[in-house]
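Colleague: Quick one: sequence and predicted model below, then my questions.
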Amino acid sequence: MHDLVIVGAGPVGIASGIEAKRAGLDFVMLEAGALCQSLLEYPSGMRFFSPADDLAVGGYPFPTPHDEKPTREMALNYYRKVATAEDLPVRTYERVERIVPREGGFEVYTVCSVQGTPYPVYRARRVLLCTGIWGLPRRLEVPGSDLPHVAVRFEEPQRYWRKRVLVVGSGNSAGEAAIRLADADAQVWLAVEPETLETCRFRPFVLRELLLRVEEARIHPLLQTQVVRIEPHCVYLRVGAEERNLPADFVLTLLGLLPDTRLLKPLGVPVESDGKPVHDPETGETPLKGLFVAGALSREGFIYIARNSVQRVIRAIKEGL
Ligand SMILES: Cc1cc2nc3c(=O)[nH]c(=O)nc-3n(C[C@H](O)[C@H](O)[C@H](O)COP(=O)(O)OP(=O)(O)OC[C@H]3O[C@@H](n4cnc5c(N)ncnc54)[C@H](O)[C@@H]3O)c2cc1C
């Protein structure tokens, strides 16, 4: 039986693995996708808003050219090098499907995410979930939202060169996508529900960049707008009190993420309305003894905050063994 299974190998899973190794624990890390799958799914070329030092884990320096803020690619490279340097026991493409409490610990059931075949069951005295909040995109519930030109993720701006793209959403991912699309010479419409762009949930620098492109007529905002239905080359909208249709080659519905509680619910761990599992903020332990949470799953939005708290979490795990 292992001392610990860590579920998820994003930045916080990696930080936890480093701490677990330094604490001398016998552990294994299970990751549903590639190493840092969540970052892999960010748009290519995306730049973090935090400086590199704030993304660094395990005391490994994260140098960037001219101290610039890291891109997704720099971060992927950095975390991969750290995981290799630490020789972390990460098993990629092993999705945890079920965790079952047993006498003295847990059984952890996994499948191969590529082929769907089950792996032998892991047994561990403690389980630490670092599964993040990336995973269940909120979908637009209108006819046509499952058409092939409608996507819930924005990955590669180049795909949209000179295409007519409607971006739906009033948060940062929608705002940033609109900016990147405009810079990739797409024709961009941005549909938001609030009355002004200023009252959307954009960070100040996203708003500033958006407004610049609106002024240059490279992004066309559609305020107080709801999507009514989507057809192959046309989107039907309600803009204020008026009905309107808009020709579009692609529709990106970037409406944020829904909390993924599929592992927690069957364990009876209470989850707050924002998806945060109830847990002790000092130790990360949930009301189910031996089950811990850390990182974005526990709503630590920034990597620099989470990397400090995993030191406390691993210490609590070690002391309780
Ligand atoms: C566009 C964008 C920009 C951001 N910019 C910043 C920034 O500048 N600074 C900052 O501090 N933060 C930033 N964040 C937030 C930051 O990315 C997260 O805080 C960080 O990724 C959290 O790390 P994590 O390891 O907790 O979760 P994640 O990075 O989400 O990793 C979770 C991992 O768990 C895996 N997983 C999930 N379910 C299972 C399962 N059942 N079995 C096995 N594995 C599973 C996933 O595949 C994933 O690899 C940004 C987020 C986004 C979306």
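Modeller: Sure, I can see it.
Colleague: the helices in the stretch 201-321 of the chain, which residues?
Modeller: Ranges of helices within the stretch 201-321 of the chain are 204-215, 303-320, based on DSSP state H, counting those that start in this stretch.
Colleague: tell me the most buried of those?
Modeller: helix 303-320 (a mean of 19; mean count of other C-beta atoms under 10 Å). All C-beta atoms are positioned from the backbone trio N, CA, C, and that covers glycine.
Colleague: Kindly format the C-alpha coordinates of that helix as PDB.
Modeller: Coordinates of each C-alpha in helix 303-320 appear next as PDB, following Å, rounded to 0.1, in the frame of the first residue of the first chain:
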ATOM      1  CA  ILE A 303      -0.200  29.100  -8.300                       C
ATOM      2  CA  TYR A 304       2.100  31.000  -5.800                       C
ATOM      3  CA  ILE A 305      -0.600  30.700  -3.100                       C
ATOM      4  CA  ALA A 306      -1.200  27.000  -3.800                       C
ATOM      5  CA  ARG A 307       2.500  26.100  -3.900                       C
ATOM      6  CA  ASN A 308       2.900  27.400  -0.300                       C
ATOM      7  CA  SER A 309      -0.200  25.700   1.000                       C
ATOM      8  CA  VAL A 310       0.900  22.300  -0.300                       C
ATOM      9  CA  GLN A 311       3.800  22.400   2.000                       C
ATOM     10  CA  ARG A 312       1.300  22.500   4.900                       C
ATOM     11  CA  VAL A 313      -0.900  19.800   3.300                       C
ATOM     12  CA  ILE A 314       2.000  17.400   2.800                       C
ATOM     13  CA  ARG A 315       3.200  18.000   6.300                       C
ATOM     14  CA  ALA A 316      -0.200  17.200   7.700                       C
ATOM     15  CA  ILE A 317      -0.400  14.100   5.600                       C
ATOM     16  CA  LYS A 318       3.000  12.900   6.800                       C
ATOM     17  CA  GLU A 319       2.200  13.700  10.500                       C
ATOM     18  CA  GLY A 320      -1.100  11.800  10.300                       C
END
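Colleague: so which of the helices of the stretch 201-321 of the chain comes closest to residue 105?
Modeller: The closest of the helices of the stretch 201-321 of the chain to residue 105 is helix 303-320. By C-beta to C-beta, the value is 11.5 Å.
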